[in-house]
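Undergrad: Predicted model and sequence below, questions to follow.
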Amino acid sequence: MATTTTTTSLFFPNPFTSQTNKKRLTAKKNLLTLISDQDRGLKTQKNPTKLASIVTAIDAMAELGTGLVTTGDSLSATWRLLWTTEKEQLFIIEKAGLFGTKTGDVLQVIDVKNLSLNNVITFPPDGVFFVRSNIEIASEQRVNFKFTSAVLRGKKWEIPLPPFGQGWFDTVYLDDDLRVVKDIRGDYLVVDRASYNWKE
């Protein structure tokens with residue numbers, strides 16, 4: 001009877017997997033380095049060369065995310081803004097000082113199970129502006145959303161605001177701590193997984 005010998009890969013890492021991981025880490029480091037001094041995107045608005053470099057880095061991350069399912073349970077989290085081209089958010093970040101306050105964390109709070117999304121801008125210590133949305137998982141990377149209400153809240157007061165829009169976004173890359181997004185308007189968003197869970 002012939003004896004066959006099987007070779008375990010325990011001590012022989014798959015070279016293709018290692019190569020992919022190295023490429024992913026390099027691309028991720030490049031993107032984070034490019035956005036690290038951009039004040040969440042405020043400085044990029046006046047620097048088209050920097051913007052082009054960041055978009056190229058985002059495209060590289062999107063290529064690495066090809067085929068990934070990014071609309072599952074791992075999408076549920078409190079995500080903290082690192083960088084964006086979204087003009088409304090950047091306007092509020094930049095102009096908060098005119099109202100005697102400053103912008104704290106800017107967040108996107110997603111709950112896939114309950115099909116909800118909150119876009120949140122905090123104004124420490126007590127202020128917050130947030131927009132509630134319903135979401136629908138449209139594909140492996142696309143989420144549709146529809147705004148349902150908005151609230152501007154202080155320590156002892158609250159002003160409700162009407163809903164004002166709908167659209168979609170694609171999470172083109174997602175891992176344990178970073179998420180990269182393109183949306184219906186051609187804007188980009190880079191967020192990391194916050195160390196806390198934001199609650200209304």
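TA: Right, received. Where do you want to start?
Undergrad: roughly how far is stretch 96-106 from the heart of the chain?
TA: Stretch 96-106 sits 21 Å away from the centroid of its parent chain (C-alpha atoms, centre = their mean, to the nearest Å).
Undergrad: Contacts for it next, please.
TA: Under the criterion C-beta atoms under 8 Å, 6 or more residues apart in numbering, residues 40, 80-81, 89, 92-93, 120-124, 127, 194 lie in contact with stretch 96-106. In short, each C-beta sits where N, CA and C put it, glycine included.
Undergrad: Can you give me the buried ones in that stretch?
TA: Of the residues in stretch 96-106, those scored as buried under the neighbour-count criterion (16 or more other C-beta atoms under 10 Å) are Ala96, Thr103, Gly104, Val106.
Undergrad: CA atoms only for that stretch, dumped as PDB, please.
TA: What follows is stretch 96-106, C-alpha atoms only, in PDB (Å, rounded to 0.1, in the frame of the first residue of the first chain):
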ATOM      1  CA  ALA A  96     -17.800  76.600  14.200                       C
ATOM      2  CA  GLY A  97     -15.500  79.300  15.900                       C
ATOM      3  CA  LEU A  98     -17.800  82.000  14.600                       C
ATOM      4  CA  PHE A  99     -20.500  80.700  17.000                       C
ATOM      5  CA  GLY A 100     -18.200  80.700  20.000                       C
ATOM      6  CA  THR A 101     -17.600  76.900  19.900                       C
ATOM      7  CA  LYS A 102     -15.300  74.400  18.200                       C
ATOM      8  CA  THR A 103     -15.900  71.200  16.300                       C
ATOM      9  CA  GLY A 104     -15.100  68.000  18.100                       C
ATOM     10  CA  ASP A 105     -15.400  64.500  16.600                       C
ATOM     11  CA  VAL A 106     -17.300  64.200  13.400                       C
END
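Undergrad: Make sure Leu90 is indeed in a strand.
TA: No. Leu90 sits outside any strand when classified using DSSP: H, G, I helix; E, B strand; the rest coil, being helix.
Undergrad: So it sits against Thr84, correct?
TA: Yes. Taking C-beta atoms under 8 Å as the contact criterion, Leu90 and Thr84 are neighbours in contact, 6.7 Å apart.
Undergrad: quick one: strands adjacent to the helix or strand harbouring Tyr173?
TA: Tyr173 belongs to strand 166-174 when elements are defined using DSSP states H and E. On the basis of DSSP bridges, the sheet neighbours of strand 166-174 come out as strand 142-153 (antiparallel), strand 178-183 (antiparallel).
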